[in-house]
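Engineer: Sharing a model prediction with you, sequence too.
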Amino acid sequence: MLSREFILNNRDIIDRIVKIKNIDINTDELYETIERRKDLITNLDKLRHERNAVSNSIAEIKRAGGDITPVLDKSRIIASRVKESEKTLKELEEKESELLKWIPNIPHPSVPSGKDAVFEIIRERGTFQNSRCKADALMDSVDSYDLKRGTKISGSHFPLFRNRGAYLERVLINFMLDLHIRKHGYEEVFTPFAVSEETLFTTGQLPKLKEDMYSIAGEDLYLIPTAEPPVTAMYNDEILTEDQLPMKFTAYSACFRREAGSYGKETKGLKRVHQFNKVEMVRYTKPENSYDALEEMVIEAEEVLQLLGLDYRTILLPDNDLSFASSKTYDIEVWAPGTGEFLEVSSVSNFEDFQSRRGKIRYKNSRNENQLIHTLNGSGLATPRTVIAIIEQYGDGQDFEFPPVLQDYINKGPSIIDNIKRKGIIGLQDYINKGPSIIENL
């Protein structure tokens, strides 16, 4: 959410971004409501001052033994006007609040802009060769992916992994979590998969994306579209200390997206699904550090693909392609050799203070003032399209292998990442250090 002051002082910017992001809001109505509220507050303050003055005069007339009847009549009239104005003010504030919810964030100056603006390629890594190996077909042929039975138990676009397909999902999730925790210094959290409307409002999914959300009937709860909302909203309505920043969180979650519109309805297989797995990264930073943090998070997400041996490119999105809450977003797209296309596996965004203003997440700065933090998030990574790229990169049309780094991870566990030998409870600790191979040797 943007501040009222910024909106009032930047009408041209607001009108432009609402048009670019195709937001259905009447900005004339918004500005009229803001001005009416402002004028009403001024008039209400005058009425309250007048009411207080009349009350004081009644006391003085009483002490002098005079007739207070005329003054009482005036007092009642003023009190009635105050009450009526307060009611109108409440209605205006509710209307203003509802309209302000629909104003998107402002793009950073470095973001490509213009009527025909397109993304900028920031980095490319790989040779981007093609192959004849198609992920969906190969996984189905080796009993690793069951589209037919997934549809039977849940409906279309709900994937059912089996055997090595299920194992690849699980290993990939654990590998990414351990990488972000052990090497990149994130704190792991495991959140609920259902969150309140307030939580989704904080991160900007609501009200704009309500039709794309899975809501739970009879409850003020929605299934999460990503771990970003619950992780970001953990500190809503709290004031942090400066030495707590930066805060870095990573979380695995299942993700649920209806995609109620026509977009993607005809896409079959793993490319576009209603439920998928993702490892998320979220940061809280001081405002002056957030854009350095953004670049760091992009590198951290890219490293996953580098370690997996997959080709990719990183692009900077133009303002017409930014999410509702983002000021700047990089997308990381993996190359799928079999389909010969780039597939988005990560978006890394800086929301500046847009989300923290909605969630009232602040910190006490060096001047002992309460200041809004900046929030960032990035996928590190989403699994379905990463799996497509792995299968098509490491498959031969008959079968597929796991990337070498995952094979090492399976055999040696998280120690492959940090080479730290941990001591602890025999059994589970050995499993952490050596992975599933400890079970095979039992």
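Structural biologist: Right, received. Where do you want to start?

Engineer: So, low pLDDT: which residues of the chain?
Structural biologist: Applying pLDDT under 70 to the chain flags the ranges 260-268, 418-428, 437-442.

Engineer: Next one: the residue in it sticking out farthest from the centre relative to S55, how far apart?
Structural biologist: Computed with Cα atoms, centre = their mean, the residue of the chain farthest from its C-alpha average is G65, at 67.9 Å. With the distance defined as Cβ to Cβ, to the nearest Å, G65 ends up 18 Å from S55. In this view, the C-beta of every residue, glycine as well, is placed from N, C-alpha and C.

Engineer: Same check on N377?
Structural biologist: Going from N377 to S55 by Cβ to Cβ gives 54 Å.

Engineer: can you check M281 too?
Structural biologist: For M281 relative to S55 (Cβ to Cβ), the value is 59 Å.

Engineer: Those two - which one has more neighbours?
Structural biologist: M281 (27 against 13; other Cβ atoms under 10 Å).

Engineer: what are the pairing partners of the helix or strand hosting the more buried one, and which direction each?
Structural biologist: Using DSSP states H and E, M281 falls within strand 275-285. Paired neighbours of strand 275-285 in the sheet (DSSP bridges): strand 247-256 (antiparallel), strand 374-382 (antiparallel).

Engineer: Same list, the ones you listed, but as JSON lines with mean neighbour count and distance to H108 please.
Structural biologist: Converted to JSON lines, those look like this (neighbours: other Cβ atoms under 10 Å; distance: least, Cβ to Cβ, whole Å):
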{"stretch": "strand 247-256", "mean neighbour count": "20", "distance to H108": "21"}
{"stretch": "strand 374-382", "mean neighbour count": "27", "distance to H108": "12"}
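
Engineer: wait, what's in contact with the residue most central in space within the chain?
Structural biologist: The residue at the geometric middle of the chain, judged as the C-alpha nearest the mean C-alpha position with Cα atoms, centre = their mean, is E228 (4.3 Å). Applying Cβ atoms under 8 Å, 6 or more residues apart in numbering, we find E228 in contact with 203, 280, 282, 377.

Engineer: Same question for N236.
Structural biologist: Applying Cβ under 8 Å, 6+ apart, the residues contacting N236 are 198-199, 202, 359-361.

Engineer: Tell me the one among these nearest to R4.
Structural biologist: Set against R4, the nearest of these by Cβ to Cβ is K360 (15.0 Å).

Engineer: Please verify my assumption that that closest one contacts A233.
Structural biologist: No. Counting by Cβ atoms under 8 Å, K360 stays clear of A233, with 10.4 Å between them.

Engineer: More neighbours: those two, which one.
Structural biologist: When neighbours are counted by other Cβ under 10 Å, K360 and A233 differ, and A233 comes out ahead with 23 against 14.
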